[in-house]
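A.B. asks: Give me a model of this one.
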Amino acid sequence: MKKQYTEVLNLPGVIVKSKKEIEQSLILEVECQSKTAICPHCQQSIHRLHLASLAFN
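C.D. replies: Okay, the predicted model is just below:
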């Protein structure tokens, strides 16, 4: 079933790890398969969040 949700989302590099149905909502736990990402602030390849303080500004 999780594979079906992964396919429906069609997000490259993202897989559905679990699902939970609460009332009329569906909650999906997803995981990015990539070990790095591009920081939207500095445009550098990163492996962990390094600008957490900017998230609340």
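A.B. asks: got a list of what the residue in the chain sticking out farthest from the centre touches?
C.D. replies: Most distant residue from the mean C-alpha position of the chain: residue 23, 23.1 Å away (Cα atoms, centre = their mean). The contact partners of residue 23, by Cβ atoms under 8 Å, 6 or more residues apart in numbering, come to none. Placement of C-beta: from N, CA and C, glycine included.
A.B. asks: For the protein, just list every one of the strands.
C.D. replies: 14-22, 25-32, 37-38, 45-46 (DSSP state E).
A.B. asks: Quick one: those strands as CSV, columns for distance to residue 6, mean pLDDT and mean neighbour count too.
C.D. replies: Shown next, in CSV, are these (distance: least, Cβ to Cβ, whole Å; pLDDT from 0 to 100; neighbours: other Cβ atoms under 10 Å):
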stretch, distance to residue 6, mean pLDDT, mean neighbour count
strand 14-22, 5, 93, 12
strand 25-32, 8, 92, 11
strand 37-38, 19, 83, 12
strand 45-46, 24, 86, 12
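A.B. asks: Residue 2 is nearest to which of those strands?
C.D. replies: Proximity to residue 2 (Cβ to Cβ) singles out strand 14-22 among those, at 4.6 Å.
A.B. asks: Format the strands of the chain as CSV; extra columns: distance to residue 5.
C.D. replies: Shown next, in CSV, are these (distance: least, Cβ to Cβ, whole Å):
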stretch, distance to residue 5
strand 14-22, 4
strand 25-32, 6
strand 37-38, 22
strand 45-46, 27
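A.B. asks: Out of those, the one nearest residue 7 is which?
C.D. replies: Judged by Cβ to Cβ, the one of those that comes nearest to residue 7 is strand 14-22, at 9.2 Å.
A.B. asks: got the angle between the closest one and strand 25-32?
C.D. replies: 160 degrees (axes from the mean of the first three to the mean of the last three Cα atoms, to 10 degrees).
A.B. asks: quick one: strands adjacent to strand 14-22?
C.D. replies: Strands that pair with strand 14-22, judged by DSSP bridges, come out as strand 25-32 (antiparallel).
A.B. asks: Restricting the selection to alpha carbons, write the strand it pairs with to PDB.
C.D. replies: This file holds the C-alpha atoms of strand 25-32, laid out as PDB (Å, rounded to 0.1, in the frame of the first residue of the first chain):
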ATOM      1  CA  SER A  25      -7.600  13.200   6.900                       C
ATOM      2  CA  LEU A  26      -4.700  11.200   5.600                       C
ATOM      3  CA  ILE A  27      -1.300  11.700   7.100                       C
ATOM      4  CA  LEU A  28       1.700  10.400   5.300                       C
ATOM      5  CA  GLU A  29       5.200  10.100   6.700                       C
ATOM      6  CA  VAL A  30       7.600  10.600   3.900                       C
ATOM      7  CA  GLU A  31      11.400  10.300   3.500                       C
ATOM      8  CA  CYS A  32      13.800  11.900   1.100                       C
END
